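In: take this sequence and fold it.
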Amino acid sequence: MSSNNTTIPSRRPQAVTFSEYSVLLVYIPCADQDKKSTTWYSSKDRHQFRETLMEDVQRASLSLNNDLRHHSDVILTHDQLRSGECLGIEIFLVHGAAQCAAEARRAHVAAVLLEQRTQKENGICDIAKLSSVSGKGSHGTRVRARKMAMEYAALLIE
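Out: All right, here's what the predicted structure looks like:
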């Protein structure tokens with residue numbers, strides 16, 4: 001017969017460190033509802049942002065699909081890139097890209113947390129190693145972002 005009794009180890013407070021470049025902003029809760037509503041986005045505002053995003057994605061996707069019927073070798077036309085209609089929503093336009101990006105984010109977070117746990121278990125604090133693990137996990141995202149920025153910048157220069 002097994003027992004369900006388990007002991008829960010006492011937890012000491014977690015230490016948090018910040019980069020020398022970090023800026024600490026203290027938020028003081030606001031009791032004034034009028035000021036609060038003009039300072040923060042409401043759930044209605046956030047819902048509207050999402051609706052607008054989805055409308056933009058649908059419009060751009062329809063435009064892309066129409067162009068792909070006429071030019072099967074082109075993913076984004078020069079005019080679509082130049083107009084900026086896809087700027088910021090590219091990930092939603094390619095089938096499976098959003099899911100792939102979400103999986104990459106989860107893997108990145110898991111790798112960093114695993115390194116933190118490993119260091120804690122071994123009684124060490126190696127910030128350089130943690131930074132390296134984080135950098136490896138975000139390398140692909142940084143490369144893609146840099147490439148896209150260069151492509152958009154080149155279009156602006158034309």
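In: mean confidence score for the helix or strand hosting residue 148?
Out: Residue 148 belongs to helix 127-157 when assigned by DSSP states H and E. Across helix 127-157, the average pLDDT comes to 83.
In: who are the packing partners of that helix?
Out: Helices and strands touching helix 127-157, by 3 or more C-beta pairs under 8 Å, 6 or more residues apart in numbering; DSSP states H and E, are helix 78-83, helix 97-121. Bear in mind the C-beta positions are built from the backbone N, C-alpha and C, glycine included.
In: nearest to residue 47, out of those helices?
Out: helix 97-121 (19.1 Å; C-beta to C-beta).
In: list the buried residues in the helix holding residue 148.
Out: Within helix 127-157, the residues that count as buried by 16 or more other C-beta atoms under 10 Å are 133, 137.
In: hmm, back to that, could the helices and strands packed on helix 127-157 go into JSON lines alongside mean neighbour count?
Out: Listed next are the helices and strands packed on helix 127-157 as JSON lines, based on neighbours: other C-beta atoms under 10 Å:
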{"stretch": "helix 78-83", "mean neighbour count": "14"}
{"stretch": "helix 97-121", "mean neighbour count": "13"}
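In: these: lowest mean pLDDT?
Out: helix 78-83 (a mean of 57).
In: looking at the helices and strands packed on helix 127-157, which is closest to residue 148?
Out: helix 78-83 (9.7 Å).
In: residues contacting residue 37?
Out: Going by C-beta atoms under 8 Å, 6 or more residues apart in numbering, residue 37 touches no other residue.
In: from residue 50, how far off is it?
Out: Separation of residue 37 from residue 50 (C-beta to C-beta, to the nearest Å) stands at 19 Å.
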